[in-house]
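Participant: sequence and predicted model, in that order:
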Amino acid sequence: MNSLNNIYNRHLKNKPGFIGGNVTLKLTVPYSGGNAHTINIASSTTSYPEFDSAVKNAVATWKWNFQAYKLTPTITPTSTISFNFLDNWLRIDPTGRTAGRR
């Protein structure tokens, strides 16, 4: 998460007019875990494509472990995750529930 906060804070500092917004990513991770096979920007309200790409690239480095959830090996999990960057607050909404930190 620190990498996302760093990206957000860097854009706040270096991009006049940037206030944040919502970036929603759609990703597919193999059952065996590891990095996402595919990751796309599903939507964004930031008006800064370079910010959206930086968020996407940071999430692409995350490691996933779905075997811990005992999923059937034939399943390739596809998820949509929303990141809300607003007023130095990062809120993540992967399942309708929210979590965040200042």
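Facilitator: Thanks, I have it. Since this is a predicted model, take the numbers as computed values, not measurements. Numbering: from 1, shown residues only.
Participant: do I have it right that residue 39 meets residue 58?
Facilitator: No: counting by C-beta atoms under 8 Å, residue 39 does not reach residue 58; the two are 10.4 Å apart. All C-beta atoms are positioned from the backbone trio N, CA, C, and that covers glycine.
Participant: residues contacting stretch 16-25, please?
Facilitator: By C-beta atoms under 8 Å, 6 or more residues apart in numbering, the surrounding residues in contact with stretch 16-25 are 8, 11-12, 39-48, 51-52, 55-56, 59, 80-87.
Participant: and those, which of them are buried?
Facilitator: Among these, those scoring as buried are 8, 11-12, 39, 44, 46, 48, 51-52, 55-56, 59, 81-85 (criterion: 16 or more other C-beta atoms under 10 Å).
Participant: tell me which of those fall in strands.
Facilitator: Taking DSSP state E, the ones among the buried ones among the contacts of stretch 16-25 that sit in strands are 39, 44, 81, 82, 83, 84, 85.
Participant: pLDDT score for the closest residue to residue 29 other than its chain neighbours?
Facilitator: The shortest distance from residue 29 to any non-neighbouring residue, by C-beta to C-beta, 6 or more residues apart in numbering, is to residue 64 (4.4 Å). pLDDT recorded at residue 64 is 76.
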